[in-house]
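Undergrad: Give me coordinates for this.
(chains A and B)
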Amino acid sequence: MNFEAVIGLEIHVEMKTKSKMFSNAPIHFKSEPNTNITYLDLAYPGSLPRLNKQGVINAIRVCHALHMEIDHTLFFDRKNYFYADLPKGYQITQQNRPIGKNGYLEIEIDGKKKKIGIERLHMEEDTAMQHHFSDYTLLDYNRAGIPLVEIVSYPEIRNGEEARKYVEKIKEIVTYLDVSDGKMENGSLRCDVNVSIRPFGSDKFGTKVEVKNLNSTANIETAIDYEMMRQASLLIKGEAIQQETRRFDEAKKETVLMRVKTDAVDYKYFSEGNIPPVHLSDEFIENAIKTSNELYDQKLERFENNYKLNLVDAKILLSSKELSVYYDEAAKHTDLYQPLANYIISEVLGYLNKNNLTINEFNVKAKDIADLVILLNEKKINSKQGKDIFAKMIETNKSPLVLKEEMGATIISDENQIRVDIQEIIAQNPTLPDDFKNGKTRAQGFVMGLLMKKNKGKVDPIVANKLIVEELKK
Amino acid sequence: MSYLDLTIKEIHEALVNKEVKVSDLVKEAIERCKNDKFNALEETNYKEALKEALELDTKEVPSDNYLFGIPYVAKDNLSTRGLETTAGSNILNGYIPSFDATVIKLLKENHAIMIAKATLDELAMGGSGKSGHKGIQYNPYDETKNHLIGGSSSGSAIVTAASYVPFALGSDTGDSIRKPASYAGLVGYKPTYGLISRFGLFPFTVSLDHVGYFTRSVDDAAILFDYLNKYDERDYTSSLKERNKVYPLKENKGKFKIAVLKEVIDSIKDEKILNDFNNLVEKAKEEGNIVDVVSIDSSILKAIYPAYIIISSAEATSNNANLDGIKFGNRKEGNSYQEVMFNTRNEGFSELIKRRFVLGSYALMSENQEEVYLKAKRVRRVVVDKVNKIFEKYDCLIAPASPTTAHSLSEVSDNLDDTYLIADNYLGIGNFGGFPSVTIPLGIKNHLPFGLSITGKIFDDEKVFEIAKDFEDILGLKNLSTITLSTKETK
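TA: Here you go, the predicted structure:
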């Protein structure tokens, strides 16, 4: 029998804001435990929540990027349960009226676009971080209250690859918008997967299995494909699928049972009285959208249209958001867009890859790279000098213009001066013109070699070549 | 006669005129607190208070700061930095807050001096003044300690009525200031929701909780209002409305349109209370005020108490879910976090609280929510709509604040008769609608006072004070206390 999978994803994205969603405690990821906290984060009696405006703006931006309907009134609810990492005994969330509903995103499968529907996006707060040890647990409340958005897809994903691409797209959107680090490995983007399978053509849903502990997009794909196989083989054997929560075992590349779901916990949701409904004006929402960062797709289009770059180069420059920002910055200083792209792709990326660095760790200013490309393009320096200057730029952080002077990197392109040198060389090697005329092109290179040697490589090779040919033909 | 027996306004004048020193006042307040026979207090702040008083002695008393050097007591569900705050519950024994409630901060900034914390019904749930971890609070009008003061702001009512201090902070979720004010012959005021910050108030039911206070005169209540009626960015429900000073109160005698709630009057059996109330109405009319009897369907009024109990118990389960022994408070150890939470809560809460939590959880369960919790919220809306309808024509709603004087210790009330369901619980209207509402002394029966309730439109606090002041003048019970009782009774 053939089966198809029905997959829904719930993604939690930690928002990048200066302070927490409902308290003014700062957010720094590298702080000592329990230093980024205030009264509310420990739920001291009498402390009260406030709404973080930037958290709302970020959520609006994500909603917009996901083509969602945005609610103009914000309502918050409490999700009540007792857990060691939940200081207040409830989480402030948006159960009844999520800020965003009915959106979608597009992924590409085998060159074809597929829309994945998104049911809802809501704002909430993170819990404290637990550090488990053999016989005790430590709690770090720095994470408690960090803004989260939860993005819930419709069950329209059919296999591991689609799920991976869906998550990659979400990650791309939140990082390009700069609303989140979007790092699964750090937990700033977390994904829970619901998988069920059913015979092809059926419109009924099978029993849903939840998979947790997925800390990379590759693991999502592997886990789903494994889970589809596992469920299919159970059904083929005539066994029932249990409603359960499984976790992905990275070493074994398979899902393992965590717990069988009994009755769901009753979270006793009710409205959060400390945050009365907040009306968002059209202007506020429009402004949040208008001032939001460019998305990947918009940027790609701009790179193709404004910079006239080919798609391959544009995609390379957009392979990381930071690299595209670097290119954009450099392009402010020159309109040599294609040479600039070539240089960044070959030289800069070449250097970074060789040294296993990222563009964030590259200390050369974008403007300096632009200046270097201009020097090369205007033949003020030759490519050998360019390479030397580039190396020095990395080392000293000085501008290429300064380095050009310091290193005496000039180029001779004065035709008269070059011609005199060439004539001198030919005069010392009188057989050369005949050799040349008899088809020995080696003669041309021989002259160039001596010419460069004499001038310490500073002769413009194109001008020189033209003159050498002219002189040899005489 | 001691200066401490006077009102804030009078004490202030004496301070300005250098008739008395701040430290003398504070020493006497401490002395009276130390001699408390009515079980009013929790943690005390004597040392700090005296230190502050001695420092203020060295300063000129600013004639425009009525609170300078005035001693007061705060209900123990208001967070006080460095001073144990337990909300009358064992689960918070030993909890020392690291921050001041906004009201405490405002009073401190204006140099009022906190002498002690007042005890209360556990977690402000309850109206008897019997349920806190200190046991029973006794009504100071009965030296034999046979009468209750009511609650939940029981200790705050005692310290004001017995003149330990001229005012005390309280909180009011159903009638927790205004009912004990009735039994204690005090002015007990709760503002429009959102005018006085709740930051630092231990929450019971966030949409019903109000910070308010007890004083012994309407002028004092108006004076305090001007100090506490401040926008607070730390309370997201704090109103953004512009604040105007209300003191000195305008003279609008005889110009008010007053509604008397018929069903409340009909359900009161005490003739002395009815008689005093009717006399007041007559005199108010003689002054030129319009006083009409209005009616609200009694079945709606009878639904106030059950709706209140459901909403408040339901939300209280959540508001007190932070009390789990993990982060602060009176932790009881266990082998897992679940055990710690279970042991802490099981030992820390009294049976009464647990019963409310069971009721509240039941109301919130997803299968019951629609029929219980959400229905109660709809009842709340219906009540508020009815009252707002009355406010379209009238400035305020008045009725006796309680159908009886203070209960004796042995008294058992019938919780299902009209007197209880209507006259004993209609003050919840003020919390349902967030209306400004005040109790003032209405009369005295067998040496026990009883009060009048005045409730106005939201943000009409100033008018409520003006009406209260008009009636206070008519009734002549200004600055009633156990000390001044004999002089008032002869009137």
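
Undergrad: tell me the pLDDT at whichever residue of chain A sits closest to chain B?
TA: Scanning chain A for the residue nearest chain B gives A:Gly89, at 2.3 Å (criterion: C-beta to the nearest C-beta). Glycine gets a C-beta too; all of them are placed from N, C-alpha and C. Predicted confidence (pLDDT) for A:Gly89: 97.

Undergrad: who in the stretch 1-150 of chain B is up against chain A?
TA: B:Asn77, B:Leu78, B:Ser79, B:Thr85, B:Ala87, B:Leu92, B:Tyr95, B:Pro97, B:Ser98, B:Phe99, B:Ala101 (C-beta under 8 Å from any C-beta of the partner chain).

Undergrad: who touches the third one in this structure?
TA: When you say that, I think you mean B:Ser79. Residues near B:Ser79 by C-beta atoms under 8 Å, 6 or more residues apart in numbering or on different chains: A:Tyr44, A:Pro45, A:Gly46, B:Thr85, B:Pro97, B:Phe99, B:Asp100, B:Ala101, B:Ile104, B:Gly200, B:Leu201, B:Phe202.

Undergrad: and stretch A:183-197, how far apart are its ends?
TA: Terminal residues of stretch A:183-197 lie 29 Å apart, using C-alpha to C-alpha, to the nearest Å.

Undergrad: List the buried residues of that stretch.
TA: A:Met184, A:Ser188, A:Leu189, A:Arg190, A:Cys191, A:Asp192, A:Val193, A:Asn194, A:Val195, A:Ser196, A:Ile197 (16 or more other C-beta atoms under 10 Å in any protein chain shown).

Undergrad: model confidence over that stretch, on average?
TA: Stretch A:183-197 shows a mean pLDDT of 93.

Undergrad: Paired strands for the strand ranked longest in chain A, with orientation please.
TA: The residue-count maximum for a strand in chain A (DSSP state E) belongs to strand A:112-125. Sheet pairing for strand A:112-125, assigned by DSSP bridges, gives strand A:100-109 (antiparallel), strand A:147-153 (antiparallel).

Undergrad: can you pull out the helices in the stretch 101-250 of chain A?
TA: A:160-176, A:217-236 (DSSP state H, counting those that start in this stretch).

Undergrad: you'd agree the residue of chain A closest to chain B is up against B:Ala316?
TA: No. A:Gly89 is not in contact with B:Ala316 according to C-beta atoms under 8 Å; the separation is 11.6 Å.

Undergrad: Could you list the contact residues of the stretch 251-400 of chain B toward chain A?
TA: B:314-315, B:317-318, B:320-324, B:326-328, B:337-338, B:341, B:361, B:364-366, B:369, B:373.

Undergrad: ok but B:Val264 is inside a helix, no?
TA: Yes. Under DSSP: H, G, I helix; E, B strand; the rest coil, B:Val264 falls within a helix.

Undergrad: Name the nearest residue to it, ignoring sequence neighbours.
TA: Among residues not flanking B:Val264 along the chain, B:Ala399 sits closest, at 4.0 Å (C-beta to C-beta, 6 or more residues apart in numbering or on different chains).

Undergrad: does that neighbour count as helix, strand or coil?
TA: strand.

Undergrad: Next one: it relative to chain A, how far apart?
TA: 28 Å (C-beta to the nearest C-beta, to the nearest Å).

Undergrad: what sits against that residue?
TA: By C-beta under 8 Å, 6+ apart, the neighbours of B:Ala399 are B:Val260, B:Leu261, B:Val264, B:Ile265, B:Phe277, B:Ala423, B:Tyr426, B:Leu452, B:Ser453.

Undergrad: Can you tell me which of those residues is nearest chain A?
TA: B:Tyr426 (22.5 Å).

Undergrad: and the closest one, how many neighbours?
TA: 27 (other C-beta atoms under 10 Å in any protein chain shown).

Undergrad: Please identify which helix or strand holds it.
TA: Using DSSP states H and E, B:Tyr426 falls within no helix or strand.

Undergrad: what sits against the closest residue to it other than its chain neighbours?
TA: Spatial nearest neighbour of B:Tyr426, chain neighbours left out: B:Val264 (5.4 Å); criterion: C-beta to C-beta, 6+ apart. By C-beta under 8 Å, 6+ apart, the contact list for B:Val264 reads B:Leu301, B:Ala399, B:Pro400, B:Ile422, B:Ala423, B:Tyr426.

Undergrad: Show me the two of those that sit farthest apart.
TA: Farthest-apart pair in these is B:Leu301 and B:Pro400; separation 14.4 Å (C-beta to C-beta).

Undergrad: And the pLDDT at A:Met1?
TA: For A:Met1, the model assigns a pLDDT of 62.

Undergrad: so what's B:Phe99 up against?
TA: Taking C-beta under 8 Å, 6+ apart as the test, what B:Phe99 contacts is A:Tyr39, A:Tyr44, A:Gly46, A:Ser47, B:Ser79, B:Arg81, B:Gly200.

Undergrad: Between those residues, which sits nearest A:Tyr327?
TA: For the contacts of B:Phe99, the nearest to A:Tyr327 is A:Tyr39 (45.5 Å; C-beta to C-beta).

Undergrad: Quick check, the closest one in contact with A:Ala25.
TA: No. When contacts are counted by C-beta under 8 Å, A:Tyr39 is not listed as touching A:Ala25 (9.0 Å).

Undergrad: Could you pull up the residues touching the closest residue to chain A within the stretch 301-450 of chain B?
TA: Proximity of the stretch 301-450 of chain B to chain A (C-beta to the nearest C-beta) peaks at B:Ala321, 2.3 Å away. B:Ala321 makes contact with A:Asn80, A:Phe82, A:Lys88, A:Gly89, A:Tyr90 under the criterion C-beta under 8 Å, 6+ apart.

Undergrad: what's the nearest residue to the fourth one if we skip its chain neighbours?
TA: Counting by C-beta to C-beta, 6+ apart, the nearest residue to A:Gly89 once its immediate chain neighbours are dropped is B:Ala321, at 2.3 Å.

Undergrad: Now the phi/psi pair for that neighbour, please.
TA: B:Ala321 has phi and psi values of phi -70, psi -20 when expressed as degrees, to the nearest 10.

Undergrad: rewinding a little: name the pair among the contacts of B:Ala399 with the greatest separation in space.
TA: Across the contacts of B:Ala399, the longest distance by C-beta to C-beta is 14.0 Å; it joins B:Phe277 and B:Tyr426.

Undergrad: The longest strand of chain A to helix A:160-176, inter-axis angle?
TA: 60 degrees (axes from the mean of the first three to the mean of the last three C-alpha atoms, to 10 degrees).

Undergrad: Give the buried residues for strand A:112-125.
TA: Going by 16+ other C-beta under 10 Å, strand A:112-125 has these buried residues: A:Lys114, A:Ile116, A:Ile118, A:Glu119, A:Arg120, A:Leu121, A:His122, A:Met123, A:Glu124, A:Glu125.

Undergrad: go on, stretch B:391-406?
TA: Buried residues in stretch B:391-406, counted by 16+ other C-beta under 10 Å: B:391, B:394-406.

Undergrad: Can you tell me which of these lies closest to B:Ala161?
TA: Nearest to B:Ala161 among the buried residues of stretch B:391-406: B:Ala406, at 10.4 Å, using C-beta to C-beta.

Undergrad: That closest one touches B:Tyr138, doesn't it?
TA: No. Counting by C-beta under 8 Å, B:Ala406 does not reach B:Tyr138; the two are 9.6 Å apart.
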